[in-house]
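J.: Task: produce atomic coordinates for the following.
(2 chains)
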Amino acid sequence: MASPATAGVPGTPADPRPRGRKSVTGTRKSVAVLFLLPALVLLGALVVYPIGYSLIRSFYNANGDGFAGFDNYKAIFTDDGIRTALKNNIIWVVFAPTISTSLGLVFAVLTERIRWGTAFKLVVFMPMAISMLAAGIIFRLVYDQDPDKGVANAVWVGIHDTFAQSSAFPNAHPGRDSPLKPYQGGFITTATVRTGQTVALPLVGVAPDQMPGGAKSAVAAKPDPAKITGTTWQDFTRGKGVGRLGVPDPSELGYDGMRIEAVKNGKVVASTKAAADGTFTLPAAADGAQLRLPASNFKQPYNGVDWLGPTLVTPAIIGSYVWMWAGFAMVLIAAGLAGVPRELLEAARVDGATEWQVFRKVTVPLLAPVLAVVTVTLMINVLKVFDLVYIIAPGSSQDDANVLALELYRKGFSEGQPGIASAIAVFLLLLVIPVMWFNVRRLRREERR
Amino acid sequence: MSWLLEKINGGLVRFFLIVVALFWLVPTIGLLASSLRSPDDMSASGWWHVFSKPSQLTFESYQKLLENSDITNSLWNTVLITVPATILVVVIGALAGYAFAWMEFPGRDWWFLIVVSLLVVPVQVALIPIAELFGTIGLFGTIFGVILFHVGFGLPFAVFLLRNFFAEIPRELLEAARLDGAGELRLFTRVVMPLGGPAIASLGIFQFLWVWNDMLVALVFTKSGTQPITVALQTQVRQFGNNVDVLAPGAFISMVIPLAVFFAFQRQFVSGVMAGAVK
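T.: Next up is the predicted model:
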């Protein structure tokens, strides 16, 4: 197959022979029929007949005994479930092919500059060889919600915690005889504070493994006549009789990073964060205020993104599709790129064009036909996407991830609605007819040459 | 100065491509690592912990899987479906491709155009009609039915690819064989098929992977005893979470043959995929 990708229909070598190729052998028609018969019979029975059947079936009701007119087609646009599927299919057709093709283009251009380009291509192309089912299972594992299991969330939470380090104290609460009371998801002192006073803000209930790594032994704050000082710490010592209630002991840890706000008449007048040993200092402005430990201190640790929840499930599955098919785009585009005359690129560089300009003004326009073929091919492919959605979307969000091919399967084989399923099938067929027509026209043009 | 800039650029490109390669490799490595850990380890922590604790590696899940007769039967069914479906498509497609390329009969070009127009017909169109047809003639749930369906939908591409390839065979070769007294069938088996080797290899590999990896067609047309591995695993996905010890090794086993084929026949696979772009 000689550089098929540069043609509109890849794999169609331009036929050099004049039209009307004579049979070499002066075959009798009966022989030709024998050669063709198996293929034509199978195509007729398994591909052509179903098209006709679906077309007719789509105008009949669920049982197939009553004419339904266009009702089944109306259902495509009115039934909520099918409309979601239609909407998702549009998202798929717009994003999946363009993202795959763009990535394929970038990879194809960049791999030309490195020595291990072939190895790279092999890695990216490999998913093409495996089943959508296997890819689905692979990504079910990747997208696992638990950051301790799903690698996507593990990475995401890792990045998040690096940039937004939060000292959180989930489940912390006041112990016995505490000076604190619950307030708007956090806690507030029952009494107001005065300058020169040392305030104790003890809590209990933070699991040892959830304490901040830098927390040190809690110490009692030194009084300062012009300021308010205090300590916030985990007022709990394992073992009875050790440590005193309401007083920091060396065996108890300070709440490193706990945020403390001084509130006067509902307004925050001063705020600070506790040091590693739990001590904090507030300016004189806080005199007469209540001290509050706001709710932000007590939220649960960041748990990552719900990839397969209702809102993100379609983008997440599109991600797995791109993983499978970007390699396809890359290989076709790389084949096209190999046919681009190097002199053109060199000439542009000699004229002082930057790499980006060469890419934008020379490479991409020259590759436009290949890019079009790849994109259209992927669009046809995406229209039919089924396995990935069926496997990756968990039962709870399968309705939100629905696509036409999946809805067809459901309607036809589990909901007893073959009429509507047939209408969806015909609808899918209508969508690929322009491509069908394009293929035929191309072929006829080539034959005429 | 520009030398330095180039160096930095080259470094950036390399760094970017390494990150991309990791993105592409990690999911598969995750599957492999998951399949090599015990269910207890899997529910306790992420698969990457296996790198810090290699002692967790175990073939336990694979062992259990291969003792599971449902899984081994379905693997065997996959072979029983894939091999005949591939051979039939190649043979029937080659016969028709040869006829379209080198025989004369009325309406030849029109017939060929019809075949080409069928290239993009989605399989979904045929699911309901063929399910009913197979139900009527007793093929529903049989392996033969699934094979037939795959052959039907593999043929447009097979005929298209092989006809174009056969048309490139030099006329003199065929005429010479003809003068030696070869009959039509002999010409086909001794001259056309051997010369068509590269295209047949591409087609065969493409079709093999297509059928091996299929889930939808088998999901519709098989029943419990005739399911291929994809369908057998699919039923397990319903309870995802507590059966990673079945899914991960199962998925990996189902990938082994396609990956082996892929690495052994990269060139043919790539040209098959390229030619199959219209599908």
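J.: all contacts plus neighbour counts: C-alpha atoms, from now on.
T.: Will do.
J.: can I see the domain layout of chain A?
T.: Using automatic domain parsing, the domains assigned to chain A come out as A:79-143+A:308-416, A:180-298.
J.: For residue B:223, which of those domains is the nearest?
T.: domain A:79-143+A:308-416 (13.2 Å; CA to CA).
J.: So for that closest one, mean pLDDT?
T.: For domain A:79-143+A:308-416, the mean per-residue pLDDT is 88.
J.: rewinding a little: any chance of the domains of chain A in TSV, with mean neighbour count too?
T.: Output for those, formatted as TSV (neighbours: other CA atoms under 10 Å in any protein chain shown):
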stretch	mean neighbour count
domain A:79-143+A:308-416	20
domain A:180-298	19
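J.: Mind putting those into JSON lines with distance to residue A:446?
T.: Putting the domains of chain A into JSON lines (distance: least, CA to CA, whole Å) gives the following:
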{"stretch": "domain A:79-143+A:308-416", "distance to residue A:446": "17"}
{"stretch": "domain A:180-298", "distance to residue A:446": "70"}
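J.: Nearest approach to chain B belongs to which of these?
T.: With CA to the nearest CA as the criterion, chain B lies closest to domain A:79-143+A:308-416 of the domains of chain A, at 4.3 Å.
J.: tell me how far the ends of that closest one are from each other?
T.: By CA to CA, to the nearest Å, the extent of domain A:79-143+A:308-416 from end to end equals 15 Å.
J.: before we move on, what about stretch A:410-419?
T.: Start-to-end, stretch A:410-419 (CA to CA) is 12 Å.
J.: Likewise for stretch A:295-302?
T.: So stretch A:295-302: terminal residues 15 Å apart, CA to CA.
J.: hmm, who's touching it?
T.: A:157, A:161, A:167-172, A:184-187, A:258-259 (CA atoms under 8 Å, 6 or more residues apart in numbering or on different chains).
J.: Distance from the helix or strand harbouring residue B:32 to the middle of the chain?
T.: Using DSSP states H and E, residue B:32 falls within helix B:2-35. Put simply, helix B:2-35 sits 28 Å off its chain's centre (CA atoms, centre = their mean, to the nearest Å).
J.: tell me which residues of that helix are tucked away?
T.: For helix B:2-35, a neighbour-count test (16 or more other CA atoms under 10 Å in any protein chain shown) marks B:13-14, B:17, B:21, B:24-25, B:27-28, B:30-35 as buried.
J.: likewise stretch A:40-50?
T.: A:40, A:42-43, A:45-50.
J.: May I have the secondary structure class of residue A:231?
T.: strand (DSSP: H, G, I helix; E, B strand; the rest coil).
J.: From the buried residues of stretch A:40-50, which land in strands?
T.: Of the buried residues of stretch A:40-50, none are assigned to strands by DSSP state E.
J.: among those residues, which are in reach of chain B?
T.: A:42-43, A:46-47, A:50 (CA under 8 Å from any CA of the partner chain).
J.: Please list all residues in contact with the residue in the stretch 1-150 of chain B that chain A sits nearest to.
T.: As assessed by CA to the nearest CA, chain A sits closest to residue B:46 within the stretch 1-150 of chain B, at 3.9 Å. When contacts are counted by CA under 8 Å, 6+ apart, residue B:46 touches A:148-151.
J.: filter those residues to the buried ones?
T.: Buried residues within those, defined by neighbour count using 16+ other CA under 10 Å: A:148-151.
J.: from those, which single one is nearest chain B?
T.: residue A:149 (3.9 Å).
J.: need the ones next to chain B among the buried residues of stretch A:40-50 in a markdown table with pLDDT, can you?
T.: Formatted as a markdown table, those follow (pLDDT from 0 to 100):
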| residue | pLDDT |
| --- | --- |
| A:42 | 93 |
| A:43 | 93 |
| A:46 | 91 |
| A:47 | 91 |
| A:50 | 93 |
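J.: Can you tell me which of the residues you listed lies closest to residue B:109?
T.: residue A:43 (16.4 Å).
J.: If we ignore the residues flanking it in sequence, what's nearest that closest one?
T.: The shortest distance from residue A:43 to any non-neighbouring residue, by CA to CA, 6 or more residues apart in numbering or on different chains, is to residue B:152 (5.4 Å).
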